[in-house]
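Engineer: Build me a model from this:
(chains A and B)
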There are 2 protein chains.
Amino acid sequence: MNHESPLANIRVVLSHTTHPGNIGAAARAIRTMGLVNLYLINPRRFPDPEATARAAGADETLSHAKICSGLDEALAETKFVVGLTARKRDLSHDMVPLREAASQLVAEAATGKVAVLFGAEMSGLSNAELDRCHLLANIAADESFSSLNLAAAVQVTAYELRQASFVAIPPQKPPFPLADFEQVEAFYHHLEQVMYETKFLDPAQPKRLMRRLRRLFARARLEKEEVNILRGILNAVRKSPIK
Amino acid sequence: MNHESPLANIRVVLSHTTHPGNIGAAARAIRTMGLVNLYLINPRRFPDPEATARAAGADETLSHAKICSGLDEALAETKFVVGLTARKRDLSHDMVPLREAASQLVAEAATGKVAVLFGAEMSGLSNAELDRCHLLANIAADESFSSLNLAAAVQVTAYELRQASFVAIPPQKPPFPLADFEQVEAFYHHLEQVMYETKFLDPAQPKRLMRRLRRLFARARLEKEEVNILRGILNAVRKSPIK
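Structural biologist: Numbers count the residues shown, from 1 in each chain, chains lettered A, B, ... in the order given. Presented below is the predicted three-dimensional model:
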């Protein structure tokens, strides 16, 4: 394993996984492709003998899996999050084929931590999870039977990440450093508070508006300095005698 | 499912599979990617409740699986066979990355039946299986842990076949039609007999020589007319008063 590889900066995050067998099979899948970081958000049963059996020797990956109690803990310090989804939703989120998403993940992983997020087996990504993704990726499947097994989707994703890592990508150093997860979340919180205070936020539909704003900023990929500027504006609004 | 697609001409052949769960998961994997033809050579346990459970709704693919008692039955009528292998052998076989093999399979499937062959879980492809492959494909895995689960390998392969099918490939109509599996096998048999008769074949190592000859002709991809010519030569040798 080469920890200099961008693959070492990629987290595979499984949220609320129901079947321990899928966790074990996912550990094996990512290990075969040279990935090392498995994060589990509230797995229903883990550790579990079925997970160990299906890991089939990828014991280290499994035992080093980081168990998280929530989404924010699992995404801490990341600057780019891609969610896998089988649904073709009519969302304002960008949705790209897996191969393109893998290429972007590997490129971003050259300069910082990134995550690829898988929802629960039956329900997929929750709205809270979608809200934290910068990009959605789709595995092009047969329309009449598009339901990949979770571990199979992890295997295909890990395979595409490894394939993407073989392509020499010039390190993408953005002209200005991107804001990390915590900074952006703090900004969203700040924004929401100010919108309440200014009575701009409709108490009947608070979440819908925040969701739309999140998606806007997610597409933009906020820079550190931009977050500072936006929060400066929010602070200015707060102090302003208007309202 | 579009049976006009080249995917309908591709067979996924699993040989001597040990775990019925892998057969079910493979059925689901190929179904999600729009493939329809599953062939099973001497599965250890099939049908089996574990296969049905792991198929998770891909029941038709599973119930239509063709059970074969031998390799030749499973490959009947095919004109191009790719074997999946995790090993990097020093063989005279051509070995290419999976993506390239998938592209060739889809291109050949535009004009005839092709197969992709997976060996048993623990042992991989046997020598008899290798002998019938025109090409070997390798899923680039981490060198320190390269063992993909069988169904995971089928999923990645099916995914690459589907991806390859999206690329518009001008139908490759060879100037002369290729010989099919049965014709080529009959030629090998004919060749072997004549080599015995002519005492060319070393009784101490008969298989080794046939293996080398098979690989030579496999690389060449024999045309129908060429097989006729070669067999004509063999017949001529037989009748010849020399020896």
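
Engineer: Check which helix or strand the residue most central in space within chain A maps to.
Structural biologist: In chain A, the centroid-proximal residue (CA atoms, centre = their mean) is residue A:81; its distance is 3.2 Å. Residue A:81 belongs to strand A:80-84 when assigned by DSSP states H and E.

Engineer: returning to what we had before: residues touching the residue nearest to the centre of chain A, list them.
Structural biologist: The neighbours of residue A:81, taking CB atoms under 8 Å, 6 or more residues apart in numbering or on different chains as the test, are A:75, A:114, A:115, A:116, A:117, A:132, A:133, A:134, A:135, A:181. To be clear about C-beta, it is placed using only N, CA and C from the backbone, and glycine gets the same treatment.

Engineer: So which bits of chain A are right by chain B?
Structural biologist: A:1, A:25, A:28-29, A:31-34, A:54, A:56-58, A:99, A:139-142, A:144-149, A:151-152, A:155-156, A:159, A:162-163, A:166 (CB under 8 Å from any CB of the partner chain).

Engineer: Quick check on these: which are buried?
Structural biologist: Neighbour counting with 16 or more other CB atoms under 10 Å in any protein chain shown marks A:25, A:28-29, A:31-34, A:54, A:56, A:58, A:99, A:139-142, A:145-149, A:151-152, A:155-156, A:159, A:162-163 as buried within the residues of chain A next to chain B.

Engineer: Please narrow the contacts of residue A:81 to those residing in strands.
Structural biologist: Counting by DSSP state E, these place A:114, A:115, A:116, A:117, A:135 in strands.

Engineer: what's the neighbour count on the first one?
Structural biologist: Here the count is done by other CB atoms under 10 Å in any protein chain shown, and residue A:114 has 24 residues near it.

Engineer: Next one: the closest residue to it other than its chain neighbours, what pLDDT does it get?
Structural biologist: In space, not counting the residues next to it along the chain, residue A:114 is nearest to residue A:80; the distance is 4.3 Å by CB to CB, 6 or more residues apart in numbering or on different chains. If you check residue A:80, the pLDDT there is 94.

Engineer: does residue A:213 sit in a helix, a strand or a coil?
Structural biologist: helix (DSSP: H, G, I helix; E, B strand; the rest coil).

Engineer: quick one, what contacts it?
Structural biologist: A:188, A:191.

Engineer: Could you measure from it over to residue A:188?
Structural biologist: Distance, residue A:213 to residue A:188, using CB to CB, to the nearest Å: 7 Å.

Engineer: And the helices in chain A?
Structural biologist: A:20-32, A:49-55, A:59-63, A:71-75, A:98-109, A:127-131, A:150-166, A:181-197, A:206-220, A:224-239 (DSSP state H).

Engineer: Looking at the ones you listed, spot the one closest to residue B:10.
Structural biologist: Residue B:10 sits nearest to helix A:150-166 of all the helices of chain A, at 17.6 Å, using CB to CB.

Engineer: packing partners for the closest one?
Structural biologist: For helix A:150-166, the elements it packs on are strand A:10-15, helix A:20-32, helix A:98-109, strand A:114-118, helix B:20-32, helix B:150-166, judged by 3 or more CB pairs under 8 Å, 6 or more residues apart in numbering or on different chains; DSSP states H and E.

Engineer: hmm, 6 Å instead?
Structural biologist: Packing partners of helix A:150-166 (3 or more CB pairs under 6 Å, 6 or more residues apart in numbering or on different chains; DSSP states H and E): helix A:20-32, helix A:98-109, helix B:150-166.

Engineer: Can I get the helix or strand of chain A with the lowest mean pLDDT in CSV, CA atoms only?
Structural biologist: Between all helices and strands in chain A, the lowest mean by mean pLDDT, DSSP states H and E belongs to helix A:206-220, at a mean of 78. The C-alpha coordinates for helix A:206-220 follow below in CSV (Å, rounded to 0.1, in the frame of the first residue of the first chain):
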residue,chain,number,x,y,z
PRO,A,206,-37.3,26.3,6.9
LYS,A,207,-35.5,23.1,5.7
ARG,A,208,-36.5,23.5,2.1
LEU,A,209,-34.8,26.9,1.8
MET,A,210,-31.6,25.8,3.6
ARG,A,211,-31.5,22.8,1.4
ARG,A,212,-31.6,25.0,-1.7
LEU,A,213,-28.9,27.3,-0.3
ARG,A,214,-26.7,24.3,0.6
ARG,A,215,-26.9,23.0,-2.9
LEU,A,216,-26.0,26.3,-4.4
PHE,A,217,-22.9,26.7,-2.2
ALA,A,218,-22.0,23.0,-2.7
ARG,A,219,-21.9,23.5,-6.4
ALA,A,220,-19.7,26.6,-6.0
